[in-house]
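Student: model this:
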Amino acid sequence: MTFDVAQLVEQGWPFVGAAVGAYGTAVLTRTADEGATATVSLGQRVLQRLWRREESRPYLRRAVQGVADDPEDTEAQAGLRAEIRRLLREDDELARDLAELLPTPVRPNESYVASGQGAVTARVNHGVISTGGDVTVER
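Tutor: Numbers count the residues shown, from 1 in each chain. Below you'll find the predicted structure:
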């Protein structure tokens, strides 16, 4: 399966940027931090998966260092995104792994139709959806 590498990089960037902003270059080797937000934690997992590719470590470290030194530097951010793109283009398995790690992107023009009695549609749901007339929900 071929992946849209540019889309993977853009989809993963908010997580990677947050992780580098939180931990700097230590994000590459740091153990999981239970206090990290979900965003930072996912970014850390993405970068550590890239880090496993030993031959790419010097390039990845340099790119991460640039963002860690100045998280607002758009050129450093572009450099890290370019390095991640290069790594994903060179390694289909790596691209597949990252695609599995990242959440499915929300497509703004995507819509769903639910029809019929009690039908429900939800793009994201973190709670209970009940359409019954006599329902008890317990936690």
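
Student: buried set for whichever strand or helix holds residue 43?
Tutor: In this structure, residue 43 sits in helix 38-51 according to DSSP states H and E. The neighbour-count check on helix 38-51 (16 or more other C-beta atoms under 10 Å) flags 40-48, 50-51 as buried. Heads up, the C-betas are built off the backbone N, CA and C, glycines and all.

Student: Show me what it is packed against.
Tutor: In this structure, helix 38-51 makes packing contacts with helix 5-23, helix 57-69, helix 92-101, judged by 3 or more C-beta pairs under 8 Å, 6 or more residues apart in numbering; DSSP states H and E.

Student: 10 Å instead?
Tutor: Applying 3 or more C-beta pairs under 10 Å, 6 or more residues apart in numbering; DSSP states H and E, we find helix 38-51 packed against helix 5-23, helix 57-69, helix 74-90, helix 92-101.

Student: and the closest residue to residue 20 other than its chain neighbours, how many residues sit next to it?
Tutor: Spatial nearest neighbour of residue 20, excluding adjacent residues (C-beta to C-beta, 6 or more residues apart in numbering): residue 67 at 4.7 Å. Residue 67 has 25 neighbouring residues, counting by other C-beta atoms under 10 Å.

Student: Same check on the one 10 residues further on?
Tutor: Using other C-beta under 10 Å, residue 77 has 19 other residues around it.

Student: Next one: residue 71 from residue 20, what distance?
Tutor: Using C-beta to C-beta, to the nearest Å, residue 71 is found at 7 Å from residue 20.

Student: related to what we said a few turns ago, how about TSV for the helices and strands packed on helix 38-51, with distance to residue 138 added?
Tutor: Converted to TSV, the helices and strands packed on helix 38-51 look like this (distance: least, C-beta to C-beta, whole Å):
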stretch	distance to residue 138
helix 5-23	34
helix 57-69	46
helix 74-90	45
helix 92-101	33
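
Student: Contacts only, for residue 95.
Tutor: By C-beta atoms under 10 Å, 6 or more residues apart in numbering, the contact set of residue 95 is 1-5, 8-9, 85, 87-89.

Student: nearest to residue 57, of those?
Tutor: Using C-beta to C-beta, residue 87 comes nearest to residue 57 of these, at 10.5 Å.
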